[in-house]
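S.K.: Following is a predicted model, sequence given first.
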Amino acid sequence: EDKVVQSPLSLVVHEGDTVTLNCSYEVTNFRSLLWYKQEKKAPTFLFMLTSSGIEKKSGRLSSILDKKELSSILNITATQTGDSAIYLCAVEVGAQKLVFGQGTRLTINP
Amino acid sequence: NAGVTQTPKFRILKIGQSMTLQCTQDMNHNYMYWYRQDPGMGLKLIYYSVGAGITDKGEVPNGYNVSRSTTEDFPLRLELAAPSQTSVYFCASSLLAWPGEQYFGPGTRLTVT
């Protein structure tokens, strides 16, 4: 059975801190790995990673994929209260199928 | 351009009742999906469609049905609601088969009592 596991499940930090969220996977047919941010409602797309070692960056957020270790990290630097959300990792396993992790709930305190 | 819209936003059903969750997208995406998200969990794929007239089962299809008569609409039908179907339901669409990203609707919170 395909599995995606995120850690930690919950994280509370102070504004300005740097955080690292982890995603590991065990799937039979890896095609890509995606990160989403979920605030109050629908997940919104952050990054898609297909090649190992290539870092994707968008402002204070960055992500990298390690296909040897079957994992990915999402880094957020200089955190702001607006970064508070659930961060979801998903692995595309083919045929339009995404397998999601359970999410990391990030809380940024002022 | 509204993106992906879902109705209703909230619904309470009694056990055994039926209902249809509506999903519409105006981005001319061929691919559409239904997910459910239980509390503290990730999303699980219920059904998906690669184009009008074509649907296929996802990870958790039991208790649900779908149809795709047009590119824009992808309704999800619950025939005999059960408490285990209490969840938040998300519809999504995407342009590309692979690689691609899925655009999500705002969700429908369903409670079955």
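M.R.: Yes, it's here. Numbers count the residues shown, from 1 in each chain, chains lettered A, B, ... in the order given.

S.K.: From here on, just use CA atoms for contacts and neighbour counts.
M.R.: Noted.

S.K.: For B:Asn62, grab the count of nearby residues.
M.R.: When neighbours are counted by other Cα atoms under 10 Å in any protein chain shown, B:Asn62 registers 11.

S.K.: so where do the strands sit in chain B?
M.R.: For chain B, the strands defined by DSSP state E cover B:4-7, B:10-13, B:19-25, B:31-37, B:43-51, B:54-57, B:64-66, B:76-78, B:87-94, B:103-104, B:108-112.

S.K.: same check, this time on chain A
M.R.: Using DSSP E, the strands of chain A run over A:3-7, A:10-14, A:19-26, A:32-38, A:43-49, A:55-58, A:61-66, A:71-76, A:85-94, A:97-100, A:104-109.

S.K.: related to what we said a few turns ago, can you put the strands of chain B in JSON lines and add mean neighbour count and mean pLDDT?
M.R.: What follows is the strands of chain B, written out as JSON lines (neighbours: other Cα atoms under 10 Å in any protein chain shown; pLDDT from 0 to 100):
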{"stretch": "strand B:4-7", "mean neighbour count": "20", "mean pLDDT": "95"}
{"stretch": "strand B:10-13", "mean neighbour count": "13", "mean pLDDT": "96"}
{"stretch": "strand B:19-25", "mean neighbour count": "20", "mean pLDDT": "97"}
{"stretch": "strand B:31-37", "mean neighbour count": "25", "mean pLDDT": "94"}
{"stretch": "strand B:43-51", "mean neighbour count": "23", "mean pLDDT": "92"}
{"stretch": "strand B:54-57", "mean neighbour count": "16", "mean pLDDT": "94"}
{"stretch": "strand B:64-66", "mean neighbour count": "19", "mean pLDDT": "97"}
{"stretch": "strand B:76-78", "mean neighbour count": "19", "mean pLDDT": "97"}
{"stretch": "strand B:87-94", "mean neighbour count": "25", "mean pLDDT": "94"}
{"stretch": "strand B:103-104", "mean neighbour count": "23", "mean pLDDT": "90"}
{"stretch": "strand B:108-112", "mean neighbour count": "19", "mean pLDDT": "96"}
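
S.K.: Can you name the residue of chain A nearest to chain B?
M.R.: A:Gln102 (4.0 Å; Cα to the nearest Cα).

S.K.: Spatially nearest residue to A:Thr50, not counting backbone neighbours?
M.R.: Among residues not flanking A:Thr50 along the chain, A:Ser32 sits closest, at 4.6 Å (Cα to Cα, 6 or more residues apart in numbering or on different chains).

S.K.: and the one you found, what is it in contact with?
M.R.: When the contact criterion is Cα atoms under 8 Å, 6 or more residues apart in numbering or on different chains, the partners of A:Ser32 are A:Met48, A:Leu49, A:Thr50, A:Val91, A:Glu92, A:Val93, B:Pro99.

S.K.: Name every strand pairing with the lowest-mean-pLDDT helix or strand in chain A and say which way it goes.
M.R.: Within chain A, no helix or strand scores below strand A:97-100, which has a mean of 87 by mean pLDDT, DSSP states H and E. Taking DSSP bridges as the criterion, strand A:97-100 forms sheet pairs with strand A:85-94 (antiparallel).

S.K.: Mind exporting the C-alpha coordinates of the strand it pairs with to CSV?
M.R.: What follows is strand A:85-94, C-alpha atoms only, in CSV (Å, rounded to 0.1, in the frame of the first residue of the first chain):
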residue,chain,number,x,y,z
ALA,A,85,-1.5,26.6,8.3
ILE,A,86,-1.6,22.9,7.6
TYR,A,87,1.1,21.9,5.2
LEU,A,88,0.3,18.8,3.1
CYS,A,89,2.7,16.7,1.2
ALA,A,90,1.4,14.5,-1.7
VAL,A,91,3.0,12.0,-4.0
GLU,A,92,1.7,11.5,-7.5
VAL,A,93,1.7,7.7,-8.1
GLY,A,94,0.3,7.7,-11.6
